[in-house]
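Novice: need the 3D shape of this:
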Amino acid sequence: MDFDIDYRLLLKWTAAQGRLVRAFYYTLLMEDQDYSPIRPLVDWLDYNGYTMVTKPAREYTDSQGRRKVKGSIDVELAIDMMEIADNVDHIMIFSGDGDFRRLIEAVQRKGVRVTVVSTIKSSPPDGGGRTASSGRSFHGS
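Specialist: Coordinates of the predicted model:
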C-alpha cells in the first residue's frame, strides 16, 4: 500500500459507527524467524484492543529461484465471520481479496449488513462493490 493506517483512529472510527463488538486483525507470521518486521504491529494491536488471529507462514524458493511465501488465513476469517454473524447486524471487512465474495453473500443471507473497505488498486472481496451492502475505497498517496 502507498499509505499508512492509523489503527488507533480506525478503531475509534469503527466504534463511532455503532456498537463495536470486536475488531479482528488477521495476519501471517513467518515461522522459523527470530524477528518479524510485523511483530511490533501485532503486539501493539493486541495491546490496544484488537483481537489478533495469526498463523504461521512458510517461506520457500520455487523452481525458478523466486522467493515465495506459503500460507493463508482466509479460512480463519471466514469461520469467525460466520460465527459472529448471528450476534451482529453489521460487519465491516477491510480486504482487497476477491475470494470473500461468497462469504459476504452467505453473511448477508443471515440478514447482516456488510461494508467492504478496500484500496482502489485492489480487487474488493465483493467483486467491486456489487455484493456488499455498502463499500468504501481509499486512494493511496
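
Novice: distance between the top helix by length along the chain and the chain's centre?
Specialist: Longest helix in the chain, counting residues (DSSP state H): helix 74-85. Here the centre of helix 74-85 is set off from its chain's centre by 11 Å, with C-alpha atoms, centre = their mean, to the nearest Å.

Novice: packing partners for that helix?
Specialist: Applying 3 or more C-beta pairs under 8 Å, 6 or more residues apart in numbering; DSSP states H and E, one finds that helix 74-85 contacts strand 24-30, strand 51-61, strand 90-94, helix 101-109. Where C-beta positions appear, they are placed from N, C-alpha and C, glycine not excepted.

Novice: closest to residue 119 out of those?
Specialist: Among the helices and strands packed on helix 74-85, strand 90-94 comes nearest to residue 119, with 9.7 Å by C-beta to C-beta.

Novice: quick one: the strand or helix carrying residue 13 to strand 90-94, angle?
Specialist: Per DSSP states H and E, residue 13 falls inside helix 7-16. Orientation check (axes from the mean of the first three to the mean of the last three C-alpha atoms, to 10 degrees): helix 7-16 against strand 90-94 gives 160 degrees.

Novice: pull helix 7-16 out as CSV, backbone CA atoms only.
Specialist: Listed next in CSV are the C-alpha coordinates belonging to helix 7-16 (Å, rounded to 0.1, in the frame of the first residue of the first chain):
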residue,chain,number,x,y,z
TYR,A,7,-5.0,1.8,13.7
ARG,A,8,-6.0,3.7,16.8
LEU,A,9,-8.0,6.2,14.7
LEU,A,10,-9.5,3.3,12.7
LEU,A,11,-10.7,1.6,15.9
LYS,A,12,-12.2,4.8,17.2
TRP,A,13,-13.9,5.5,13.8
THR,A,14,-15.4,2.0,13.6
ALA,A,15,-16.6,2.2,17.2
ALA,A,16,-18.3,5.5,16.3
